[in-house]
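A.B. asks: Using only what follows, build the 3D model:
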Amino acid sequence: MATRSKPRSRKIGKRPDADFVRSILSYNRQTGVLRWKRRNDISKSNSAKHAGKRAGTRDSKGHRQIVIHDVAYMAHQLAWLIVTGQWPFYEIDHKNVKPDDNRWCNLRPATDTQNKCNEKIRKNSTTGKKGVSIRKNRPSPFVARITLHGKTYDLGRYKTREKAHAAYRKAAKKLHGNFARFA
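C.D. replies: Alright, predicted model coming up:
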């Protein structure tokens, strides 16, 4: 008999409602931790074994996932559901970009574009500054660019990475608003 290595995704209409999730999980807004509650819908031994323990495991990107009825859900989405009573309409952004920090003060609704605006600098950055790349052997080797809604805007070429990054910061404040991230 084959076993599944990954939980299946479920159709949107089949997600558990807020009352059910509140009946099986407790959420601490200050710490962001979700814990299993004692349950009557599973065996007493399993309920006792898991009650009070932190729910879920981290995925490859650091987000905490919690499996309910063989389906994996993101912990930040379940926290949102528990507090608001509704599944998030868009995505949930972690303000401090720490994917396992599910404190209520760190969560906010976001579109895909807003979520991308709040990303950290890429690990393969050659300049160490977000929005700045380098084109060697040029009089002004540092190029500042910003992306919004899939469109990239050229912000100019600069002699120093600091000036290029200042141009990026100015544009990010204007275009990305509260979701602007500079590092």
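A.B. asks: residue ranges with poor pLDDT in the protein?
C.D. replies: Low-confidence regions of the chain, defined by pLDDT under 70, span residues 1-13, 41-48.
A.B. asks: quick one, helices of it?
C.D. replies: Along the chain, counting by DSSP state H, helices occupy 18-24, 44-50, 75-84, 112-117, 161-176.
A.B. asks: tell me the most buried of those?
C.D. replies: Greatest average neighbour count among the helices of the chain goes to helix 75-84 (a mean of 21), per mean count of other CB atoms under 10 Å. (C-beta placed from N, C-alpha, C; glycine too.)
A.B. asks: got the CA coordinates for that one in PDB?
C.D. replies: Written as PDB, here are the backbone C-alpha positions of helix 75-84 (Å, rounded to 0.1, in the frame of the first residue of the first chain):
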ATOM      1  CA  ALA A  75      -0.300  28.600   9.800                       C
ATOM      2  CA  HIS A  76      -0.500  32.400   9.000                       C
ATOM      3  CA  GLN A  77      -3.700  31.700   7.000                       C
ATOM      4  CA  LEU A  78      -5.200  29.700   9.900                       C
ATOM      5  CA  ALA A  79      -4.300  32.500  12.400                       C
ATOM      6  CA  TRP A  80      -6.100  34.900  10.100                       C
ATOM      7  CA  LEU A  81      -9.100  32.600  10.000                       C
ATOM      8  CA  ILE A  82      -9.200  32.200  13.800                       C
ATOM      9  CA  VAL A  83      -9.000  35.900  14.500                       C
ATOM     10  CA  THR A  84     -11.200  37.300  11.700                       C
END
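A.B. asks: so what are the domain limits for the chain?
C.D. replies: The chain breaks down by automatic domain parsing into domains covering 12-110, 115-179.
A.B. asks: could you show me where the strands are in the protein, in order?
C.D. replies: With strands called from DSSP state E, the chain shows them at 25-27, 34-36, 57-58, 64-68, 71-74, 91-94, 107-110, 132-134, 142-148, 151-158.
A.B. asks: for those, which one sits closest to residue 83?
C.D. replies: With CB to CB as the measure, strand 25-27 is the member of these nearest residue 83 (7.0 Å).
A.B. asks: and the closest one, which residues are buried?
C.D. replies: Residues of strand 25-27 classed as buried under the neighbour-count rule (16 or more other CB atoms under 10 Å) are 25, 27.
A.B. asks: Partner strands of it, with direction?
C.D. replies: Next to strand 25-27 in the sheet, as set by DSSP bridges, lie strand 34-36 (antiparallel).
A.B. asks: phi, psi of the most far-flung residue of the chain relative to its centre?
C.D. replies: Distance to the chain centre peaks in the chain at residue 139, reaching 39.1 Å (criterion: CA atoms, centre = their mean). In terms of degrees, to the nearest 10, the main-chain angles of residue 139 are phi -60, psi -40.
A.B. asks: Next, count neighbours for the closest residue to it other than its chain neighbours.
C.D. replies: Take residue 139 and drop its neighbours on the chain: the residue closest to it by CB to CB, 6 or more residues apart in numbering is residue 159, 7.5 Å away. Neighbours of residue 159 under the rule other CB atoms under 10 Å: 12.
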